[in-house]
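>>> Here is a sequence together with a model predicted from it:
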Amino acid sequence: MPRFADHLYHPGPDNPFPGIWVLQRRLGRTIPHRLGSNEGLDMPHAALRRHFGDAMVEHAYCYGDSEALGVRERLSQQQGIPLEALLVDAGADSLLALALRAVAPAGQSVISSAGTYPTFGYFARGQGCRLVEVAYHEDEHGLSPDLQALAEAAHQEEARLVYLANPDNPSGHLHTDDAVKALRRALPEDCWLLLDEAYHDFRPDADTPIAREVMPGVIRCRTLSKAHGMAGMRIGYAIAEPETLYMLMKVRIHYAVSALTLAAAEVVLDHPDETRQHIADVIARREALAEHFRSLGAEVLPSATNFLGIRLSSAELAGQVHGELLAEGKLIARPAHPDLGHVLRISAVADALTPGRLATLERALQDG
Ligand SMILES: Cc1ncc(COP(=O)(O)O)c(C=O)c1O
């Protein structure tokens, strides 16, 4: 069994404020008079009402449901994931931080790919972990997190946790479920696999049974930032065994997801057709963009996400194109990690397909 931080094996800490929603459920009745939470219930909110309307303001007054039951119920019903295997937090980022807080105290080693989604390393270093990075597997076919190297490093460094983004950012690479399971089996028994599935919804097999699998020793993190278009509202969810989520809940910031965000997520989840259409549109744009750049001779990396990675002939050229586009007021992404400085990443939004929008990149590809 993978280990948590030692202090979490003692009783507590207990969340001092699970909140009125949890209490109402526990008592089995509503509590109509909120006289104990020191909220600003008498605030008229004239300015907010003028700006956003009454419906939004009703969600501003009170602390939200720290157990996010409404969102979890919808996720559970729609995806067939057991309710008790779901935890909601303020985006996948918050879930990465939460997992680190619960399993990897300062001084412990954690492993990731050199150049992958950098927020993981930022959080790991920020709490004093030893971050050990292994190189990507790179050849003429593409760029992918090297699962064997991750497992080897986990053994060598006696790591508490291995981070894998699948599909990966910035490569867009999708490892098969069998490969991910083989990685889990190859890890030391006391080491966690933190599986960042922020782009899960764009997988071609997103609706197959693997999507709902609760894997022992694995914390899967997903988000409503991408396919559901809610990045600004900050909400995501973890899928893990209930005993694992129990430990994560000990150190979770209980009101990190606002009442407004929970309400908005419930509305969006109640309209899955809109999300499904959005995903289909994004994938169509991504493929159109890939086709366009391939026709110009670019090395477009296969992507199972809402973006495209393009591999340039050198980091210098990628840096130059990135800088020129920025000077034109166009921000594409270039990994800050020196190992992946030759990769540019473009979101598959309609603006990217506007003729001429990325002309500077097109010229560089044709010249190079
Ligand atoms: C791999 C990966 N994980 C997590 C996130 C952050 O997701 P959230 O907005 O839910 O915090 C991103 C966003 O770009 C990402 O690429």
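In hand now; what should we look at?

>>> switch to C-alpha atoms for all contacts and neighbour counts from now on
OK.

>>> Tell me where the stretch 51-200 of the chain has helices.
54-57, 69-79, 91-103, 118-126, 147-156, 177-186 (DSSP state H, counting those that start in this stretch).

>>> Output the below-cut-off pLDDT ranges for the stretch 201-350 of the chain.
Within the stretch 201-350 of the chain, no stretch has pLDDT under 70.

>>> What residues does R74 make contact with?
Listed by Cα atoms under 8 Å, 6 or more residues apart in numbering, the contact partners of R74 are 266, 269-270.

>>> For stretch 103-118, measure first residue to last.
End-to-end distance of stretch 103-118 (Cα to Cα, to the nearest Å): 19 Å.

>>> residues from this protein in reach of the ligand?
91-93, 117, 165, 169, 196, 198, 223, 225, 231, 236 (Cα under 6 Å from any ligand atom).

>>> Please identify which of those is nearest to G368.
Nearest to G368 among the residues of the chain next to the ligand is N169, at 24.9 Å by Cα to Cα.

>>> can you pull the contacts of G236?
With Cα under 8 Å, 6+ apart as the criterion, the residues that contact G236 are 88-92, 95, 221-225.

>>> switch the cut-off to 6 Å
88-92, 222-224 (Cα atoms under 6 Å, 6 or more residues apart in numbering).

>>> can you check Y237 too?
Listed by Cα under 6 Å, 6+ apart, the contact partners of Y237 are 87-89, 221-222.

>>> who's in contact with stretch 322-340?
Contacts for stretch 322-340 (Cα under 6 Å, 6+ apart): 115, 341, 344-346.

>>> still on that earlier bit, need the residues of the chain next to the ligand in a markdown table with distance to T305, can you?
Shown next, in a markdown table, are the residues of the chain next to the ligand (distance: Cα to Cα, whole Å):
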| residue | distance to T305 |
| --- | --- |
| G91 | 17 |
| A92 | 15 |
| D93 | 17 |
| Y117 | 13 |
| A165 | 11 |
| N169 | 8 |
| D196 | 13 |
| A198 | 9 |
| T223 | 13 |
| S225 | 13 |
| A231 | 15 |
| G236 | 17 |
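
>>> Which of the residues you listed are buried? Put it as a PyMOL command.
The following PyMOL line selects those of the residues of the chain next to the ligand that are buried, judged by 16 or more other Cα atoms under 10 Å:
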select buried, resi 91+92+93+117+165+169+196+198+223+225+236
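
>>> Just name the closest of the residues of the chain next to the ligand to Q366, please.
Among the residues of the chain next to the ligand, and counting by Cα to Cα, the member closest to Q366 is N169, at 25.7 Å.

>>> Return the per-residue confidence for that closest one.
For N169, the pLDDT comes out at 98.

>>> Quick check: buried residues in the longest helix seen in the chain?
Secondary structure of the chain per DSSP state H: the longest helix is helix 272-295. The neighbour-count check on helix 272-295 (16+ other Cα under 10 Å) flags 275, 278-279, 281-283, 285-287, 289-290, 293 as buried.

>>> before we move on, what about stretch 303-315?
303-312, 315.

>>> sorry, back to before: so which of the contacts of R74 sit within helices?
Assigned to helices by DSSP H, the following of the contacts of R74 qualify: 266, 269.

>>> Pull out the buried residues from the contacts of R74.
Using 16+ other Cα under 10 Å, the buried ones in the contacts of R74 are 266, 269.

>>> Who is whatever residue of the stretch 201-350 of the chain ends up closest to the ligand paired with across the strands?
Evaluated by Cα to the nearest ligand atom, the stretch 201-350 of the chain has T223 as its residue closest to the ligand, separated by 4.3 Å. Beta-bridge pairing of T223 under DSSP bridges involves G236.
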